[in-house]
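K.L.:
Fold the following.
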Amino acid sequence: MEDSLSLKLAALADPTRRAIVARLARGEASVSELQKPFGISQPAISKHLKVLERAGLIEQGRVGQSRPRRLRVDALRATGAWFDQVADLWRDSFDRLDALLMETENDDVEHR
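P.N.:
Down below sits the predicted model:
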């Protein structure tokens, strides 16, 4: 079984699914509303929605007979938190590299 983060990242790797997430960030929408801008078939949009639902990024609501989709903001925040954590690690690594390079440069200047 894949971990939650892997499912989310794989789902967001596709530009159509990212566009669906961006659209749902503005509010819930029906399948036909989500399908319209892409010019793809109903089965194709349904496959994209299933991937996003399986990843936990969107959920299906219920309004009468309608089943609008909506963004699960908490799931998106958790994914964003992972990116923030990785960015912090890279920033720390670059800061240490900068310090090492400065130290090496200072040593070179002293030995000239």
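K.L.:
Go ahead and confirm Val51 touches Thr16.
P.N.:
No: counting by CB atoms under 8 Å, Val51 stays clear of Thr16, with 9.9 Å between them. Glycine gets a C-beta too; all of them are placed from N, C-alpha and C.
K.L.:
more neighbours, these two?
P.N.:
The neighbour comparison of Val51 against Thr16 (other CB atoms under 10 Å) goes to Val51, with 20 against 16.
K.L.:
Quick check, pLDDT for the more buried one.
P.N.:
In this model, Val51 is scored at 97, pLDDT.
K.L.:
which non-adjacent residue is nearest it?
P.N.:
Of all residues not flanking Val51 in the chain, Ala11 sits nearest, at 5.0 Å (CB to CB, 6 or more residues apart in numbering).
K.L.:
Correct me if wrong: the one you found contacts Arg17.
P.N.:
Yes: with contact defined as CB under 8 Å, Ala11 counts as touching Arg17 (5.6 Å).
K.L.:
So which of the two has more stuff around it?
P.N.:
Ala11 (23 against 20).
K.L.:
what is in contact with Ala11 and Arg17 at once?
P.N.:
Counting by CB atoms under 8 Å, 6 or more residues apart in numbering, the common neighbours of Ala11 and Arg17 are 51-52.
K.L.:
Please tell me how far Arg17 sits from Gly80.
P.N.:
Taking CB to CB, to the nearest Å as the measure, Arg17 falls 16 Å from Gly80.
K.L.:
now do the same end-to-end measure for stretch 28-47.
P.N.:
18 Å (CA to CA, to the nearest Å).
K.L.:
element containing the residue nearest to Ile40 when sequence neighbours are not counted?
P.N.:
Residue nearest to Ile40 in three dimensions, not counting chain neighbours: Thr16, with 7.5 Å by CB to CB, 6+ apart. Element membership for Thr16, per DSSP states H and E: helix 15-24.
K.L.:
Any idea how many residues pack against the residue nearest to Ile20 when sequence neighbours are not counted?
P.N.:
Of all residues not flanking Ile20 in the chain, Leu34 sits nearest, at 5.7 Å (CB to CB, 6+ apart). Residues within reach of Leu34, counting by other CB under 10 Å, total 23.
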